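K.L.:
How does the following fold in three dimensions:
(2 chains)
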Amino acid sequence: GEQVEQLPSILRVQEGSSASINCSYEDSASNYFPWYKQEPGENPKLIIDIRSNMERKQIQELIVLLDKKAKRFSLHITDTQPGDSAMYFCAVNQGGSAKLIFGEGTKLTVSS
Amino acid sequence: AQTIHQWPVAEIKAVGSPLSLGCTIKGKSSPNLYWYWQATGGTLQQLFYSITVGQVESVVQLNLSASRPKDDQFILSTEKLLLSHSGFYLCAWSLDWGADAEQFFGPGTRLTVL
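P.N.:
So this is what the prediction gives:
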């Protein structure tokens, strides 16, 4: 089945710097790529997503880039704050359906 | 505004015992509903989805079953729990059934099987 590779699994950055998480997928029919943030003990929250008709999307300090040819997409958090510390999951819809396949997650720690 | 509620919040059950977890969504008619499972420290795995009352599709077989008895209700159950069923169970909903429909998660139920 579809696999989503997410790297790195652990990311530590200094407050004010940028953080980048990369995901790759296999299914060329995938057309929806959401990112979720999950804090300890909480449910995942959708923070940004991108569809296959776009290459870049930005919401405040969050930037998502999509390279369909390479089957890669990435999340960039600019000017990180301690409140950005959390688990981040990328996901891909399998075969262009509503079945989401999630990456293994990235634990981001922002230190002040 | 839509609200999603899951019950119970947490459950401790014995191996071999039955289980029933519930999810309701208010403020949206005919939502698309999903069940996910997350092992402690792990990623999310979609288990079931339903686009209408009475219709449930299985995505992953984990000795669990799901039903949608009402438009706003989604139930996850099993007659016999395994240790491997421990984890975080999340109900999610989306407004549309499009392939690019945004999915939003409920608060979750934490299950411990002993």
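K.L.:
so who does the spatially most central residue of chain B touch?
P.N.:
For chain B, the residue nearest the mean C-alpha position is residue B:35 (3.1 Å; C-alpha atoms, centre = their mean). Neighbouring residues of residue B:35 by C-beta atoms under 8 Å, 6 or more residues apart in numbering or on different chains: B:23, B:46, B:47, B:48, B:49, B:66, B:74, B:76, B:89, B:90, B:91, B:92. Where C-beta positions appear, they are placed from N, C-alpha and C, glycine not excepted.
K.L.:
Sort those residues by pLDDT and name the bottom one.
P.N.:
Across the contacts of residue B:35, the bottom pLDDT score, 92, is held by residue B:49.
K.L.:
Now for whichever residue of chain B sits closest to chain A: which residues touch it?
P.N.:
Of all residues in chain B, residue B:100 sits closest to chain A, at 3.7 Å by C-beta to the nearest C-beta. Contacts for residue B:100 (C-beta under 8 Å, 6+ apart) come out as A:31, A:32, A:49, A:51, A:93.
K.L.:
ok so, going back, and the contacts of residue B:35, which is closest to residue A:108?
P.N.:
Closest approach between the contacts of residue B:35 and residue A:108, by C-beta to C-beta: residue B:90, at 20.5 Å.
K.L.:
What is the strand or helix carrying residue A:73 packed up against?
P.N.:
In the assignment (DSSP states H and E), residue A:73 maps to strand A:72-77. Strand A:72-77 sits against strand A:19-25, strand A:62-67, strand A:86-93, with contacts defined as 3 or more C-beta pairs under 8 Å, 6 or more residues apart in numbering or on different chains; DSSP states H and E.
K.L.:
change it to 10 Å
P.N.:
In terms of contacts (3 or more C-beta pairs under 10 Å, 6 or more residues apart in numbering or on different chains; DSSP states H and E), strand A:72-77 is packed against strand A:4-7, strand A:19-25, strand A:32-38, strand A:45-51, strand A:62-67, strand A:86-93, strand A:106-111.
K.L.:
how about these in CSV, adding mean pLDDT, mean neighbour count and distance to chain B?
P.N.:
Shown next, in CSV, are those (pLDDT from 0 to 100; neighbours: other C-beta atoms under 10 Å in any protein chain shown; distance: least, C-beta to the nearest C-beta, whole Å):
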stretch, mean pLDDT, mean neighbour count, distance to chain B
strand A:4-7, 98, 18, 8
strand A:19-25, 98, 21, 12
strand A:32-38, 97, 23, 4
strand A:45-51, 97, 17, 5
strand A:62-67, 98, 18, 12
strand A:86-93, 97, 24, 5
strand A:106-111, 98, 17, 9
